[in-house]
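In: the following block contains a protein sequence and its predicted model.
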Amino acid sequence: MIGDPDLRPPLDESRLTALLGPTPDLTLELLAEAPSTNQVAAERARSGAADGLLVVADHQVAGRGRLDRTWQTPPGSAVTFSLLLRPDVPPASWPWLPLLTGHTVAKALTALGFDARVKWPNDVLLDGRKVAGILVERVETDSGPAAVVGIGINVGLTAEELPVATATSLAVARPDAVPAREDVLAAVAEAVREGYDAWRAGGPDASARLRSSYADHCATLGQEVRVDLPGGTSVTGRAIDIDPRRPPGRRDRRGSGEGRGGRRGARAPCAGLIGGMILPWPSPRSS
């Protein structure tokens, strides 16, 4: 029914509340419509809302992605929500949040029967096409910095409704087994919350475990990639690893001085770091 544009019911608040019941660290706020759930969650954070607030829009009309791109989906066809977190981890660990989110969203969709993978840094793919987008934003509040984790998942969009050829939906991937939006939302929100709590409580080794698990499910590793840099330049190469010593989000246009094994020497001019991912850089002598 959810794949039929004429038969898309609104989210059932009572059912959603019941599904989220086993996760006590989530507090639901369901809105019939919102420009951006990240915007609403950021406002709530500045007003003192507690960790675990889950802002859900039945219909989001002005969602935001990276580089301030905007998007919207037909009513009743997607899951859009933002989770407010107040991390008590060292500042150097904050950049792992987007990777943690993408990884746990992919795991939740896999548990629902979809072969989901992560494209660096946190797009979620089905059959190589984007099914979910994630935007994590830091918000300064009177009680300290907060993180707003925004997630949008294409659930019931038909192939004709998809905005670009590189997008997909759960309905397109498995038209015979499309889960209800309430089930998708609850499964993903619970997975993100549980993954976040485990990572936050895991101490110094938590990011290392996350890196290893993320790499196992990252569709980008081993692929030829192009990275567009500020100023209009770009770098191409094969993505070979996730750098364990530098957080994602940091850009270095020079050779990092480290190869896959972390040794300095002959490989130094040929390895570089883009947002925490190691790429082989062109040799200085190459054209």
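Out: Ah, there it is.
In: quick one: the helices in this protein?
Out: 13-20, 37-46, 97-111, 170-173, 181-201, 206-216 (DSSP state H).
In: redo these as JSON lines? Include mean neighbour count and mean pLDDT.
Out: To be clear about C-beta, it is placed using only N, CA and C from the backbone, and glycine gets the same treatment. Listed next are the helices of the chain as JSON lines, based on neighbours: other C-beta atoms under 10 Å; pLDDT from 0 to 100:
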{"stretch": "helix 13-20", "mean neighbour count": "15", "mean pLDDT": "97"}
{"stretch": "helix 37-46", "mean neighbour count": "22", "mean pLDDT": "97"}
{"stretch": "helix 97-111", "mean neighbour count": "25", "mean pLDDT": "96"}
{"stretch": "helix 170-173", "mean neighbour count": "23", "mean pLDDT": "97"}
{"stretch": "helix 181-201", "mean neighbour count": "20", "mean pLDDT": "97"}
{"stretch": "helix 206-216", "mean neighbour count": "16", "mean pLDDT": "90"}
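In: and those as CSV, adding distance to Ala57?
Out: Formatted as CSV, the helices of the chain follow (distance: least, C-beta to C-beta, whole Å):
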stretch, distance to Ala57
helix 13-20, 13
helix 37-46, 5
helix 97-111, 17
helix 170-173, 18
helix 181-201, 11
helix 206-216, 28
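In: how many neighbours does Asp123 have?
Out: By other C-beta atoms under 10 Å, 22 other residues sit near Asp123.
In: begin at 39, not 1, for the rest of this chat.
Out: Okay, using 39 as the starting number, the last item reads as Asp161.
In: for the spatially closest residue to it that is not a sequence neighbour, give its distance to Arg155.
Out: Spatial nearest neighbour of Asp161, chain neighbours left out: Lys168 (5.2 Å); criterion: C-beta to C-beta, 6 or more residues apart in numbering. Relative to Arg155, Lys168 is positioned 11 Å away (C-beta to C-beta, to the nearest Å).
In: only the buried residues of the top strand by length along the chain, if you could.
Out: Determined from DSSP state E, the single longest strand within the chain is strand 167-177. For strand 167-177, burial by neighbour count (16 or more other C-beta atoms under 10 Å) applies to 167-175, 177.
In: count of residues packed around Asp96?
Out: Neighbour number of Asp96 under other C-beta under 10 Å is 19.
In: how near is it to Thr111?
Out: 11 Å.
In: check Leu121 too.
Out: Distance from Leu121 to Thr111, by C-beta to C-beta: 19 Å.
In: and Pro183, by the same measure?
Out: For Pro183 relative to Thr111 (C-beta to C-beta), the value is 30 Å.
In: okay, those two: which has more neighbours?
Out: Thr111 (23 against 13).
In: correct me if wrong: the more buried one contacts Gly194.
Out: No - using C-beta atoms under 8 Å, Thr111 is not in contact with Gly194; the gap is 9.0 Å.
In: is Ile280 bridged to anything, and to what?
Out: In this entry, Ile280 is beta-bridged to Met315, by DSSP bridges.
In: quick one: it from Cys256, how far?
Out: Ile280 is 7 Å from Cys256, by C-beta to C-beta.
In: what do you get for Ile172?
Out: On the measure of C-beta to C-beta, Ile172 and Cys256 end up 14 Å apart.
In: same thing with Thr61?
Out: Taking C-beta to C-beta, one finds Thr61 at 26 Å from Cys256.
In: got it, and Asn192?
Out: 21 Å.
In: same question for Thr75.
Out: 26 Å.
In: equivalent analysis for Val202, please.
Out: 22 Å.
In: now Pro47
Out: For Pro47, the distance to Cys256 - C-beta to C-beta - is 35 Å.
In: for the two, indicate the residue with more neighbours.
Out: Cys256 (24 against 12).
In: now do the contacts for that one.
Out: 155-158, 280 (C-beta atoms under 8 Å, 6 or more residues apart in numbering).
In: so which of those wins on neighbours?
Out: Ranking these using other C-beta under 10 Å puts Val156 first, with 27 neighbours.
In: return the alpha-carbon coordinates of stretch 45-62 using CSV.
Out: Provided in CSV are the C-alpha atoms of stretch 45-62 (Å, rounded to 0.1, in the frame of the first residue of the first chain):
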residue,chain,number,x,y,z
LEU,A,45,-2.9,5.0,-0.5
ARG,A,46,-0.3,6.5,1.8
PRO,A,47,-1.6,6.9,5.3
PRO,A,48,-0.1,9.3,7.8
LEU,A,49,2.2,7.9,10.5
ASP,A,50,0.3,6.2,13.3
GLU,A,51,1.5,7.9,16.5
SER,A,52,0.1,5.3,18.9
ARG,A,53,1.7,2.5,17.0
LEU,A,54,5.0,4.4,16.7
THR,A,55,5.0,5.1,20.4
ALA,A,56,4.4,1.4,21.2
LEU,A,57,7.3,0.4,18.8
LEU,A,58,9.6,2.8,20.5
GLY,A,59,8.6,1.8,24.0
PRO,A,60,11.4,-0.8,24.5
THR,A,61,13.9,2.1,24.0
PRO,A,62,13.4,4.4,27.0
